[in-house]
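>>> Here is a sequence with its predicted model. Questions after.
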Amino acid sequence: MKLTCLVDNAVLPYTPFWGEHGLSVLVDTPEGRVLFDTGASGTVLLHNLEAAEVDPASIRALALSHGHQDHTGGLAALLERRPGLPVYGHPDLLRERFSRRDAEMRAVGMPVYRSPDAREEEGMRSIGMTIPPEDLRRRADLRLSPQPQEILPGVWTTGEVTGRTEPEGRSPYHFVRGGAGWEPDPYRDDLSLVLETRRGLVLLCGCCHAGLLNTLAHVERVFGRPVVAVFGGTHLVSADADHLERVRQKLQLLSPIRVSPNHCTGETAFHFLRQALGPEVVRPFPAGAQVDLENL
């Protein structure tokens, strides 16, 4: 089983890959390929698929970590090349998402993407999926469930992350429509992938809005085995010192053989974990990077 980071904020030097604020990771298995998220744009996703010499027609399934545009923005372009693609996710994936103001995104270093059909109202900007739900149902084979789903042998969704007793990867600027008006986004659709390898379970995160510690606890409870490696977005960009220390303690208890956080992790969190766990354990995972999970 192999991972290839196709889209990330950072790019592996001296490669033809492009970067953007978004995430997409290809999972190669003996049974076929699963794409996890599609980045923020079709332009970057399709370019990087070509750079990785991956034919979109060879992708057997897509899993979406949640409905934000920086993880779903390449979906329309992908479906042009791979119509009828099975798409796995949580039922809340199709819910509208909004951000209160662009300024707050820039304050934490997040570039602002304006889709041609992005809507703004009451100071809110749409940051959700740009494909209407009815269009997506027509163009893709939607397989949405709050429960864990096995996509291919050894490749699972976590399902909805429950029991969120630790801090979540939350933004105070993310909202959804509720019965009483604007409400904080509950991030119910946030999920990750669980990969069964010879070395143990590998957790592949999209944005981890549910919280990294909550996601790890959920996986151990549901799958009955500890996680030995963590890849992807961990949304520790706004974590305080106490939160980072609890993450360090948990990862040291797991004795992970690899931690490669990217996308929304943040430089402070990355370097804190790298110093605490060691550079042989904590390594970058930019666009263009490949990892053989059987030889970690």
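Yep, it's here.

>>> My understanding was that residue 28 contacts residue 6; is that so?
No: using C-beta atoms under 8 Å, residue 28 makes no contact with residue 6, being 11.7 Å away. Glycine gets a C-beta too; all of them are placed from N, C-alpha and C.

>>> ok, those two, which is more surrounded?
residue 6 (29 against 17; other C-beta atoms under 10 Å).

>>> Return the distance of that one relative to residue 218.
26 Å (C-beta to C-beta, to the nearest Å).

>>> before we move on, what about residue 250?
From residue 250 to residue 218 the distance is 13 Å (C-beta to C-beta).

>>> the more surrounded of the two?
Ranked by neighbour count (other C-beta under 10 Å), residue 250 and residue 218 place residue 218 first, with 24 against 16.

>>> Go ahead and confirm that one touches residue 158.
Yes: with contact defined as C-beta under 8 Å, residue 218 counts as touching residue 158 (6.1 Å).

>>> From residue 57, how far off is the most centrally placed residue in the chain?
Most central in the chain under C-alpha atoms, centre = their mean is residue 206, positioned 1.2 Å from the mean C-alpha point. Using C-beta to C-beta, one obtains 24 Å as the distance from residue 206 to residue 57.

>>> got it, and residue 203?
Using C-beta to C-beta, residue 203 is found at 28 Å from residue 57.

>>> what's the answer for residue 79, then?
Between residue 79 and residue 57 the distance is 12 Å, computed by C-beta to C-beta.

>>> Looking at the two, which one has more neighbours?
Each of residue 79 and residue 57 has its neighbours counted (other C-beta under 10 Å); residue 79 has more, 22 against 10.

>>> Doesn't the more buried one belong to a strand?
No: Residue 79 sits outside any strand when classified using DSSP: H, G, I helix; E, B strand; the rest coil, being helix.

>>> What are the buried residues along the longest helix seen in the chain?
Longest helix in the chain, counting residues (DSSP state H): helix 241-254. Using 16 or more other C-beta atoms under 10 Å as the test for burial, helix 241-254 gives 243-244, 247-248, 250-251, 254.

>>> Let me know the average pLDDT across stretch 130-138.
Stretch 130-138 shows a mean pLDDT of 95 in the predicted model.

>>> What ranges does the stretch 51-200 of the chain have for its strands?
All strands of the stretch 51-200 of the chain, identified by DSSP state E, counting those that start in this stretch, fall at 59-63, 86-89, 98-99, 120-121, 124-126, 141-144, 150-152, 155-157, 174-178, 181-184, 193-197, 200-205.

>>> what's the closest of those to residue 272?
strand 200-205 (17.2 Å; C-beta to C-beta).
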